[in-house]
Each structure stands twice: as structure tokens, then as C-alpha cells.
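Student: Starting from these lines, generate the structure:
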Amino acid sequence: MTLISSSRPWVTAMLAVLALTACKEESTTTQHLSKAPSVERTWPGHFDEHRKHFEPKVYQIGDQRLWSINNPGGWAANSVVIEGDNGLIVYDTGLSHQQGEAILAEIRQFSDKPVTAVFYSHHHPDHYNGTTGLVSEADVKAGKVRIYAWDNFVEEMNSEFGATAPAQAVRVVYYGGMALPEKDRHYHGCCGAKYGGNSGYIPPTDTFSENTRLTIEGIELEVFYTGGEAKSEFGLYLPAFKAVTVGDEIFHSVPNIYTIRGAKFREPAGYIRAVDAVLSYDVEHLLGSHLVPMHGKENIRETVTKFRDLVQWINDQSIRYINKGYGIEELKAQFTEVPEYLENGSFSTEVYGTFRHIAPQMHAGLMGYFSGDGIEYRPTEPVELARRHIKLMGGRDRVFAASNEYYRDGDFQFAAELLTYLIRVDHGDMEARNLKAAAFRELGYAELNTTWRSWYLTSALELEGKLTPAMVAARVKDAAFARIESQSARDIIGSLRYRVRAEEVGEERISVAYDIRDSGEQFTARLRNGVLLMEDGLDADAVLSMSRETFNRLVKRDIEAAGAIADGLIEFEGSLLALRSFGKAFDENPFMERLAVR
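Tutor: Sure thing, here's the model as predicted:
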């Protein structure tokens, strides 16, 4: 039985795969591996100019005791630092322990005071994972450092990176380009280019449930809820400095209201609420976790107002066309560029978010997937549909020849669409896979949006057999074990509910109880009608009693249950048959086998 948690440790797992580099894998197909067309590597002209927003730099705000430490060492996010009477206040700690160390090194260039307060703007990993690089867990436990977050921080973190974390952990590599060879890597459209490192997360000590005023180290702060890109998000207003800092709601780009790595539905109203909050204050300086600091009341008001209206525009116009009957595909075709009257420099470029994927997610979030055409209810099964299309077009060779012709004519999208039929019916058709990979490279090198560029180029690697989701997953699984100590044993076992092989378990009823002696946890995992239920107590067909250390080793697969029982590490009572049946009831591997090859 393999036990892998699908809650917060997956956040650590996702960090670990960010350092993934592309590897070659030998193809197992018997078909001849033809050489893909050569594609010239190019970079959209705007790339070099736009990436300057994410160069490492420390900005002091005038002569005030306020700094924005932007992308230190090239890391993915910024931190805002306020110097108080006897200590420092830090808003966001970065992506990893190593980024936290880089932030602290920059801080020591202007202050030797200790960090005594930390604010997590929201629950995305690049905002809270650097904390141990700035403060010690011992000082937090001793009350020398307070860590503030919104009261739904932990809940949102666990729910966003929970049930679908195995899928997100793979997709984030495609979305961020972390598996690309060095020559193809590029900055992320919102952030610096450096990822990876170890998690330095320390849980919050204090939370907010409403807008709050407080004084820390002699500094007056106003905490205001935004809930934009993340439901746990908030900003700070510093009256003495006439400054506001926000998290992931104002970018040097169209905001990523939908992320193709996968996430819960993001409502544009939250972004609008954040900007309206900023505009409600007397602000001379605007800072942010992904912003170059902005200055001047009128400049801020003019720029941010237009940014706000751009967000409302895509929200309102998406709904307008949804009401006209537009489905997901029609919405993609409808919103192809920023209207001239909403152009706003870097704040309106589609380098991070893009209307082509924001408008469809509005449909999915508000209306679901169904566009209104009845053929969507019981569609022909995808492989059979592809087979019939190929037959209608004259067979495999004619489809490939047509695809090649469209490719050579520069219609890379349609070439890729045709080749998808061939690949769908035969994943071993390397000739088709290589040509589709070349088409994706052509599309990727011409793409301004950084996440889509990464997705095209990473998908090309998979199509060529040089990268697979399984290769990504192997590293994810190892990294996922790094933080299992932070979860309850019950939550770890409970996460197996998403791996039940229901078609094989059927109506069988099996129960196994766990008695974790030193932590006092006692619970039962019960399979019934193809679902896993968690209950208190030890009423089960089989009961396992062990220490938490032994439980952790079992989860990590350092030991097997049978061997641990034989060695006396686990005390066992009940039905051995039930225990074996329980262990066989779950997918051994929760990860996808393929993503681009489909």
C-alpha cells in the first residue's frame, strides 16, 4: 500500500519539481522515429523589455523606513519590509527557505534589527515558503515573532493544493517551463525566473477575519481584505508612509484570472475589490509582491484605474457574450486582443493572463462546460471519433500528408489539430508526434504569453518522448514525503479517497483502524460502495497500532507493513485478508501517464 498525502506536502512537492530539467527517454515504440522538422528558436520582441520588471533590485521608498526587495537573486517574488522601533515587519517571505535567506541578506544591507512580524498576503507558495530563512521556528514558538494571515489561509491552502494536487504538480511544470532545457527557459510573466529550493513555511500564529487596524513596532497598519486571486488575500495600508502593498492582484500584465496549471475558479470581482481598496486610500506609493514600486498619487490613480477597468471589461463582456449564447470555443475566438482604449503599458499586455483563457473560464465558472449544443451530452468516444475522422479523410497517410502541407504553409495550429487524430488512435505514431512537436515549437516561439509558451514547448518534449508526466511524478513523490510530519495521520490516510479503485472495490466493505500511540490519534478508514470514509475510534476488521515514526516510514515506503508487523514495529489484530484487500483497493500511482500525448 502506497500512502501519499494530497494536502499541503504537495505544495512542497511542487516546489521541488520547479528545478526539474529535461531528460531524454528512449522510445519503446517499434515504429521508425523520423526526425522532426528543424524549428528556429525566436523570442517575441516584447520579452526583453517586459522581463526588466523582474530584475533583482532593492527599492527604498523615498527616505522612509520602507523597502521593496524585488526578486532577490532572481527569485520569483518580492517582499516588502518596514522598519519599526525595535524590529522589522515583512510582508511575504518568498518561494523557498533559500529565497528567505536572500531576502535577509538584502535586509542586512540597511538594518540589523530582527524580524518580529511576518504577514502572509495569501496562500500561494511564493508568498509564505521563505519564512525559515528570515526567522527561526524556535523564536516563533517563543512568541518573539508573530505570523499573520487571513483566517481561511490554511483551509484555502489545503483545498487549492489538495484533491487535485497530483494533477497540478505535473501541470505546473508544463505551465512554468521548469523542464525546458536552459536554452528555452524564460522568465515567468508575473515573476522572476528562479524557482526551486526547500519549503521554509511556518504556520500563522495570528489570523484576521475582518479589516483591522493594529500597531506593530510603533508602525500603524491597516489590514484590508481583498480576496482577489486567492480567497485568503489581503493588503496593508501604511498611513505614515502613504503607502499600500498588495499581493497577487495588480501585475505588469493582464492578471491571470485563470491559470492553465489548474486552480479553483477565480472571480474578477476580487481583483476589482483589491484595486478599489487601493484607490480608497491616500496613496503616494504602491508596492506589491509582483510590482515595481509605483509613485505619485495621480500616476497611481490613472494607471490602476485603467487596470481595474480592464478587469471589469473582460468580466462584463464575457458575461455579455455568454448571455448571447457563446460557448467556450466561441469565447476564445471573440477575445483576441486588448481594446485600444484600455491599453495601459505593461499593465495591459497579455504576458501572464490572456483573454483567450479568461473568457472561457468565466463560462466554466458561471455556467459550467455545456455550450448548448446537444451533441456535447453523449459525444462519440474520443478515440472512436478520431478513427472515424481519419477514415473519412482517406486514411492515416492522407491525414499526415495534409498535416505536413498545412505545417509547411505556416498553419501550425491546424496541422497540430489534424495530427491529434493520428496520435489519439496510436500513441506510438512518432512521425505524427514529431510533426506535432514541431508545430508546437513554432507556436511556442511566436507566443508572447509566457505560460502558453512554456506549455507548447514542454508539450513538444513529451511528444518527442524526451519528457513524460511519469518522470515529473517520480520526483514529486519523493519530495512529497518531506513534510508529512506536518499533517495528521488521519488526513494522510483520508487523502486516499481520491485513489479508490471503485470499479474493483464495488460493494465490498473493508475497514482498517490506526492507533498512533504517541500522538494519540485513533481512527478507522472504511471502504463502502466504492468510497472511503473516515471515522473516529478503532472499530474495524483490522487494527494497526504503531508509533508516528513508524507510520511516517510506512508512508514513505521505507518499510512494508508485513515486515514491520514481523519485526514488532506494528502490532496487528484482526483479519489479515481484510488488510491485504484494503492495500489493493487504491491506485498505486495517482499521477497521469500522459498530458500532451492524447
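Student: Ala263 and Glu350, how far apart?
Tutor: 18 Å (C-beta to C-beta, to the nearest Å). Just so you know, the C-beta spots here come from the backbone N, C-alpha and C atoms, and that holds for glycine as well.
Student: Tell me which of these two has more neighbours.
Tutor: Glu350 (22 against 18; other C-beta atoms under 10 Å).
Student: who's in contact with that one?
Tutor: The contact partners of Glu350, by C-beta atoms under 8 Å, 6 or more residues apart in numbering, come to 253-254, 338, 448-449.
Student: That one: what secondary structure?
Tutor: Here Glu350 is coil, with the state taken from DSSP: H, G, I helix; E, B strand; the rest coil.
Student: swap in the one 3 residues further on?
Tutor: Assigned state for Gly353: coil (three-state reduction, three-state DSSP).
Student: do the same with Leu236
Tutor: Once three-state DSSP is applied, Leu236 turns out strand.
Student: Over to Phe523?
Tutor: strand.
Student: ditto for Arg308
Tutor: helix.
Student: and the closest residue to it other than its chain neighbours, what are its phi and psi?
Tutor: In this structure, Arg308 finds its nearest non-sequential neighbour in Val275, 3.9 Å apart by C-beta to C-beta, 6 or more residues apart in numbering. In terms of degrees, to the nearest 10, the main-chain angles of Val275 are phi -70, psi -40.
Student: Give the buried residues for the helix or strand harbouring Gly563.
Tutor: Per DSSP states H and E, Gly563 falls inside helix 561-566. Neighbour counts over helix 561-566 (16 or more other C-beta atoms under 10 Å) mark 561, 564-565 as buried.
Student: again with stretch 168-187
Tutor: 168-180, 184-187.
Student: ok, now stretch 377-391?
Tutor: 386-387, 389-390.
Student: for stretch 527-544, same thing?
Tutor: Buried residues in stretch 527-544 (16+ other C-beta under 10 Å): 527, 532, 538, 540-544.
Student: Output the residues you listed in JSON lines; the columns should cover secondary structure, pLDDT and distance to Phe119.
Tutor: Formatted as JSON lines, these follow (DSSP: H, G, I helix; E, B strand; the rest coil; pLDDT from 0 to 100; distance: C-beta to C-beta, whole Å):
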{"residue": "Leu527", "secondary structure": "strand", "pLDDT": "98", "distance to Phe119": "43"}
{"residue": "Leu532", "secondary structure": "strand", "pLDDT": "98", "distance to Phe119": "37"}
{"residue": "Leu538", "secondary structure": "coil", "pLDDT": "96", "distance to Phe119": "42"}
{"residue": "Ala540", "secondary structure": "coil", "pLDDT": "97", "distance to Phe119": "44"}
{"residue": "Asp541", "secondary structure": "coil", "pLDDT": "97", "distance to Phe119": "48"}
{"residue": "Ala542", "secondary structure": "strand", "pLDDT": "97", "distance to Phe119": "47"}
{"residue": "Val543", "secondary structure": "strand", "pLDDT": "98", "distance to Phe119": "45"}
{"residue": "Leu544", "secondary structure": "strand", "pLDDT": "97", "distance to Phe119": "42"}
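Student: Other residues contacting stretch 588-598?
Tutor: 2, 4, 6, 166-167, 169-171, 174, 420, 423-424, 427, 433, 440, 458-460, 462-463, 468-470, 472-473, 476, 498-499.
Student: which parts of it are buried?
Tutor: By neighbour count with 16+ other C-beta under 10 Å, stretch 588-598 contains the buried residues 590-592, 595-597.
Student: picking up where we left off before, helices - which of the contacts of Glu350 land there?
Tutor: Per DSSP state H, helices hold no members of the contacts of Glu350.
Student: got the residues you listed as TSV, with pLDDT columns?
Tutor: Shown next, in TSV, are these (pLDDT from 0 to 100):
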residue	pLDDT
Ser253	95
Val254	96
Val338	92
Leu448	92
Asn449	94
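Student: Ranking by neighbours, what's the top pick from those?
Tutor: Of the contacts of Glu350, with other C-beta under 10 Å as the count, Val254 tops at 25 neighbours.
Student: Please name the nearest non-neighbouring residue to that residue.
Tutor: Val254 sits nearest to Gly353 (C-beta to C-beta, 6+ apart), 4.1 Å away.
Student: and His357, that one's in a strand?
Tutor: No. Counting by three-state DSSP, His357 is not part of a strand but helix.
Student: Over to stretch 517-537 now: how far is its first residue from its last?
Tutor: Stretch 517-537 stretches 13 Å from its first residue to its last (C-alpha to C-alpha, to the nearest Å).
Student: Mind checking what helix or strand follows the helix or strand containing Gly444 in sequence?
Tutor: Element membership of Gly444, judged by DSSP H and E, is helix 430-445. Scanning forward in sequence from helix 430-445 by DSSP H and E, the next helix or strand is helix 450-463.
Student: got a list of contacts for that next one?
Tutor: So helix 450-463 is in contact with 22, 173-177, 179-180, 184, 186-189, 256, 259-261, 351-352, 354, 423, 433-434, 436-438, 440-441, 443-445, 447, 467-469, 594-597, going by C-beta under 8 Å, 6+ apart.
Student: switch to 7 Å and redo it
Tutor: 22, 173-177, 179-180, 184, 186-189, 260, 351-352, 433, 436-437, 440-441, 443-444, 447, 467-468, 595-597 (C-beta atoms under 7 Å, 6 or more residues apart in numbering).
Student: do stretch 56-76 as well
Tutor: With C-beta under 7 Å, 6+ apart, stretch 56-76 has contacts from 54-55, 78-83, 94-95, 99, 102-103, 106, 110, 126, 188, 191-195, 238, 241, 243, 285, 287, 292-293.
Student: Among the buried residues of helix 561-566, which one lies nearest to Gly218?
Tutor: Nearest to Gly218 among the buried residues of helix 561-566: Ala564, at 55.4 Å, using C-beta to C-beta.
Student: residue contacts, the closest one?
Tutor: Ala564 neighbours (C-beta under 7 Å, 6+ apart): 550, 554, 570.
Student: what about 8 Å?
Tutor: 546, 550, 553-554, 570.
Student: What is the most widely separated pair among the residues you listed?
Tutor: Between any two of the contacts of Ala564 (C-beta to C-beta), the greatest distance is 10.3 Å, for Arg553 and Ile570.
Student: Those two: who's more crowded?
Tutor: Ile570 (21 against 17).
Student: Wait, that one touches Leu544, no?
Tutor: Yes. Ile570 sits in contact with Leu544 when judged by C-beta atoms under 8 Å, with a separation of 5.5 Å.
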